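Q: 3D, please:
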Amino acid sequence: VQLVESGGGLVQPGGSLRLSCAASGFTFSSYAMRWYRQAPGKGREWVAGLTSVSSIANYADFVKGRFTISKDNAKNTVYLQMNSLKPEDTAVYYCNAFRSASGYEYWGQGTQVTVSS
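A: Numbers count the residues shown, from 1 in each chain. I've put the predicted structure just below:
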């Protein structure tokens, strides 16, 4: 099982980035896909998620209207489009796959996003 994030980097405030998470080794379409983040000195927090079957998106209040989560089942990839980035969005962003029926959960290694002028 692998979740490999990419797309992080340094961006100025107000800018945009798109994170990708390529999944392998499990039935991608059967898992809820989520993004979390962890800022320096803080705990990991949930950012956004997509349900497994209906692909309903949900967002943390602090990213609503700025971030969009989506997935491509044909490519086994989940995305996080981040617009209007703020310095407080600086964190390591992690991809997560979770299947409630089995309790199985997988994590990626994370990708660094830094928002700074």
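
Q: Going by C-alpha atoms from here, please, whenever you check contacts or count neighbours.
A: OK.

Q: Can you classify the closest residue to residue 81 other than its chain neighbours by secondary structure?
A: Take residue 81 and drop its neighbours on the chain: the residue closest to it by CA to CA, 6 or more residues apart in numbering is residue 18, 4.4 Å away. Look at residue 18: counting by DSSP: H, G, I helix; E, B strand; the rest coil, its state is strand.

Q: gap between residue 18 and residue 42?
A: The spacing between residue 18 and residue 42, counted by CA to CA, to the nearest Å, is 23 Å.

Q: Give the residue from those two that has the larger number of neighbours.
A: More neighbours surround residue 18 than the other of residue 18 and residue 42, with 16 against 9 (other CA atoms under 10 Å).

Q: what ranges of the protein fall below the confidence cut-off?
A: Nowhere does the chain drop to pLDDT under 70.

Q: Going by residue numbers, what spans are strands in it?
A: Ranges of strands within the chain are 2-6, 9-11, 17-24, 32-38, 44-50, 57-59, 67-72, 77-82, 91-99, 104-107, 111-115, based on DSSP state E.

Q: Just the C-alphas of the last one, formatted as CSV.
A: Read it as strand 111-115. In CSV, the C-alpha atoms belonging to strand 111-115 read as follows (Å, rounded to 0.1, in the frame of the first residue of the first chain):
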residue,chain,number,x,y,z
THR,A,111,4.4,17.2,1.4
GLN,A,112,5.5,20.6,2.7
VAL,A,113,3.5,23.7,1.8
THR,A,114,5.1,27.0,2.8
VAL,A,115,3.2,30.3,2.2
